[in-house]
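**Q** Here you go, sequence then predicted model.
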There are 2 protein chains.
Amino acid sequence: MVGMTNDLANTATTPVSVLGLGAMGQALAAAFLRAGHPTTVWNRTPGKDGELTARGAVRATTAQEAVKAAELVVICVVDYAAARAIMETVAGELPGRLLVNLTSDTPERARAAADWAQQHGIECLNGSIMVPVPVIGSPEALFFYSGPRAVYDKYETALKALGGRPAHVGEDHGLAAVYDMALLDYFYGAMGGLVHAFALAGADGVRAGDLAPYLDTITAIMPPIVAGTAQDIDAGHYPGEAANLAMMAAGSGHVLETAEHRGLDVGVLRSVKALADRAVARGHGADSWASIFEVLHKP
Amino acid sequence: MVGMTNDLANTATTPVSVLGLGAMGQALAAAFLRAGHPTTVWNRTPGKDGELTARGAVRATTAQEAVKAAELVVICVVDYAAARAIMETVAGELPGRLLVNLTSDTPERARAAADWAQQHGIECLNGSIMVPVPVIGSPEALFFYSGPRAVYDKYETALKALGGRPAHVGEDHGLAAVYDMALLDYFYGAMGGLVHAFALAGADGVRAGDLAPYLDTITAIMPPIVAGTAQDIDAGHYPGEAANLAMMAAGSGHVLETAEHRGLDVGVLRSVKALADRAVARGHGADSWASIFEVLHKP
């Protein structure tokens, strides 16, 4: 059982294994090695572990062999379908160890994998890696974890080898993925708007490098807007003194018209404006932008 | 002519008029007053100037009277249709003065208004106000201006009364609006994603206040991404070593699936993912996210 090695769990002597040696899996294994953990590595196809074994990792020839070598087993592969295929081959070896699934996928598939693990007597945490490969192992690297709090607490120190900012966000195994998906939701909205902004200005001869410093002023105003939007949503009311939705719906309409005039794809702008218009029609015209929260759920 | 009062233009004694006393027009007039400019104000409907006249502004009873009192005439109304209606009533009084149009609208309508002014022998600048009412007149208030550079240079000091960060972005009168629309394009993408992120996490019981600090980590990574994206776009090539589009298309697909599963509106996500997929199909899978620039123009 996990409890058997309680005295070891929070020291750098916890033996670990990493299943899956894509760029991310390699970075995870390297971070464990740097922190002094006995580290075993395995990949479905060979040839990915040269640098790791040179730095002291043990190469396992089968997933079973890798799992047997470790108390803490990390799996990080392309999606949960791939993770599940590997997990099924080592189902008999996992009980008594901790499985930490760092595969990025939807909350539903993370929960399904956790259910499968529970049915097989396997203790597991589900995690989401919120930083790119070069940041793995650094103090600022943010990871979300979900699953039993006591298990997380026991292994937190070992997991800090992977990223200095681990956050346990709840016992529900899907929550790490929920937080992950929510952050990406904001990120892809911003990234869609960003490239579109360059295309819009570029159509009138503005170089991206000339526009970029001004786009930073938008980034700079976001932290108080994030905090204020959260406050409005949790309170369920949306004071609109500073900037109201009716004005912003009109403003987004000007952007939409400008982009259309330049022959740009306007899918994102049209969707954003439609939400604002719908909220105005529901009586939120004098409220803040946050009030579009009320119309985001499909009827 | 504007040149007649050259010795006065860059001092706080330049007489100014503000046409349009909505919340923004009132803030502009108040900022001129604070800087010591003789300030005349006018609004189509009366009763908006009480605070301003108490602070020393002169109330004009007609737009003509207001224009005649000033060397620098600022107009700031709801849109260019409203601006044009006022401009036509004072077309005979404007030549020899500078008209600064701070009405927010599309580049096309800003250009049309500038063409009309030129046909009537009126010198003008078109400007865009990039900050909310409470920030007007402060050192950090960003304004874009476009139109003749020499005219802008002559009045820059006077215009700094309105905002300490004025930027002349080009001689083409539409460019201030182009920069404005581009910043709003990025802003509304981010704002759409932000509220959607709260809705997505909220569907699984996550309070907005618990998610907000982590959303700030996304905001924090944007400045280097803005700079890197601009560099890729101006160079016309998109190195994707750090994070490639194929991975990000798959990632945005997970967010889309997660949002759909929760019954959320997915218009924005579907549009963003469609762009990523289109760019991957055109061979940009190993490139950076910035390569969606190449598919933003409608065929």
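**A** That came in fine, so what should we check first? Numbers count the residues shown, from 1 in each chain, chains lettered A, B, ... in the order given.

**Q** A:Leu275 and B:Ala30, how far apart?
**A** Remark: distance between A:Leu275 and B:Ala30 (Cβ to Cβ, to the nearest Å) = 34 Å. In short, each C-beta sits where N, CA and C put it, glycine included.

**Q** no, scratch that, I was asking about A:Asp185
**A** For A:Asp185 relative to B:Ala30 (Cβ to Cβ), the value is 40 Å.

**Q** A:Val90 now?
**A** Distance, A:Val90 to B:Ala30, by Cβ to Cβ: 71 Å.

**Q** One more: A:Lys160?
**A** For A:Lys160 relative to B:Ala30 (Cβ to Cβ), the value is 53 Å.

**Q** next one: A:Ala182
**A** 41 Å.

**Q** now whichever strand or helix holds A:Leu99: mean pLDDT?
**A** Per DSSP states H and E, A:Leu99 falls inside strand A:98-101. For strand A:98-101, mean pLDDT is 98.

**Q** higher neighbour count, A:Asp185 and B:Ala30?
**A** The neighbour comparison of A:Asp185 against B:Ala30 (other Cβ atoms under 10 Å in any protein chain shown) goes to A:Asp185, with 31 against 20.

**Q** Mind pulling up the pLDDT for that one?
**A** Reported pLDDT for A:Asp185: 98.

**Q** List the buried residues of whichever strand or helix holds A:Trp116.
**A** Assigned by DSSP H and E, A:Trp116 belongs to helix A:107-119. Neighbour counts using 16 or more other Cβ atoms under 10 Å in any protein chain shown place A:107, A:109-114, A:116-117 of helix A:107-119 among the buried residues.

**Q** Follow the chain on from it and name the next helix or strand.
**A** Per DSSP H and E, helix A:107-119 leads on to strand A:123-129 as the next helix or strand towards the C-terminus.

**Q** how much does that following strand deviate in direction from helix A:107-119?
**A** Angle of strand A:123-129 versus helix A:107-119, following axes from the mean of the first three to the mean of the last three Cα atoms, to 10 degrees, is 160 degrees.

**Q** Strand A:123-129 vs chain B: in contact?
**A** No. On the criterion Cβ under 8 Å from any Cβ of the partner chain, strand A:123-129 is out of touch with chain B, staying 10.6 Å away.

**Q** Also stretch A:162-181?
**A** Yes. Using Cβ under 8 Å from any Cβ, stretch A:162-181 reaches chain B at A:167, A:169, A:172, A:174-175, A:177-179, A:181.

**Q** ditto for stretch A:132-148
**A** Yes. Contact of stretch A:132-148 with chain B (Cβ under 8 Å from any Cβ) involves A:132, A:134, A:142, A:144.

**Q** and if you look at stretch A:263-281?
**A** Yes. With Cβ under 8 Å from any Cβ as the measure, stretch A:263-281 is seen reaching chain B through A:263-265, A:267-272, A:274-275.

**Q** what do you get for stretch A:233-250?
**A** Yes. Using Cβ under 8 Å from any Cβ, stretch A:233-250 reaches chain B at A:233-234, A:242-243, A:248, A:250.

**Q** Nearest to A:Pro299 among those residues?
**A** The shortest approach to A:Pro299 among the residues of stretch A:233-250 next to chain B belongs to A:Ile233, at 19.4 Å (Cβ to Cβ).

**Q** what's around the closest residue to that closest one other than its chain neighbours, how many residues?
**A** Of all residues not flanking A:Ile233 in the chain, B:Ala208 sits nearest, at 4.2 Å (Cβ to Cβ, 6 or more residues apart in numbering or on different chains). Other residues within reach of B:Ala208 by the criterion other Cβ under 10 Å amount to 25.

**Q** same thing with A:Leu28?
**A** Neighbourhood size, A:Leu28 [other Cβ under 10 Å]: 28.

**Q** got a pLDDT number for the residue nearest to A:Ile233?
**A** 98.

**Q** Just the pLDDT for the closest residue to A:Leu125 other than its chain neighbours.
**A** In space, and not counting its chain neighbours, A:Leu125 is closest to A:Gly147: 3.9 Å by Cβ to Cβ, 6+ apart. Listed pLDDT for A:Gly147 reads 98.

**Q** can I assume A:Gly147 is in contact with A:His173?
**A** Yes. Counting by Cβ atoms under 8 Å, A:Gly147 touches A:His173, with 5.1 Å between them.

**Q** Tell me the residues that contact both of the two, please.
**A** Both A:Gly147 and A:His173 are contacted by A:114, A:124-126, under the criterion Cβ atoms under 8 Å, 6 or more residues apart in numbering or on different chains.

**Q** Save the residues you listed as TSV, and put in pLDDT too.
**A** Shown next, in TSV, are the shared contacts of A:Gly147 and A:His173 (pLDDT from 0 to 100):
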residue	pLDDT
A:Ala114	97
A:Cys124	98
A:Leu125	98
A:Asn126	98
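
**Q** which of the residues you listed sit farthest apart?
**A** For the shared contacts of A:Gly147 and A:His173, and using Cβ to Cβ, no pair is farther apart than A:Ala114 and A:Leu125, which are 8.8 Å apart.

**Q** which residues do these two both contact?
**A** A:101, A:147, A:173.

**Q** Need phi/psi at the last one.
**A** Right, the one you point to is A:His173. Backbone geometry at A:His173, expressed as degrees, to the nearest 10, gives phi -60, psi -20.

**Q** cool, the second one as well?
**A** Geometry field for A:Gly147 lists phi and psi as phi 130, psi -170, criterion degrees, to the nearest 10.

**Q** how close does it sit to chain B?
**A** As judged by Cβ to the nearest Cβ, to the nearest Å, A:Gly147 and chain B stand 15 Å apart.

**Q** ok, now the last one?
**A** When distance is defined by Cβ to the nearest Cβ, A:His173 is 11 Å away from chain B.

**Q** roughly how far apart are the residue nearest to A:Leu125 and A:Glu171?
**A** Separation of A:Gly147 from A:Glu171 (Cβ to Cβ): 7 Å.

**Q** These two - which one has more neighbours?
**A** A:Gly147 (27 against 13).

**Q** and that one, what does it touch?
**A** Going by Cβ under 8 Å, 6+ apart, A:Gly147 touches A:114, A:124-126, A:171, A:173.

**Q** The residues you listed: which two are farthest apart?
**A** A:Cys124 and A:Glu171 (12.1 Å).

**Q** so A:Val272 makes contact with B:Asp265?
**A** No. The pair A:Val272 / B:Asp265 is not scored as a contact, 10.3 Å apart, by Cβ under 8 Å.

**Q** what about those two, which has more around it?
**A** Set A:Val272 next to B:Asp265 and count neighbours by other Cβ under 10 Å: A:Val272 wins out with 31 against 22.

**Q** Now that one: which helix or strand?
**A** Going by DSSP H and E, A:Val272 is part of helix A:267-279.

**Q** mind checking how far that helix is from the chain centre?
**A** In terms of Cα atoms, centre = their mean, to the nearest Å, the centre of helix A:267-279 is found 26 Å from the chain centre.

**Q** returning to what we had before: now, the residues of stretch A:233-250 next to chain B that are in helices?
**A** A:233-234, A:248, A:250 (DSSP state H).
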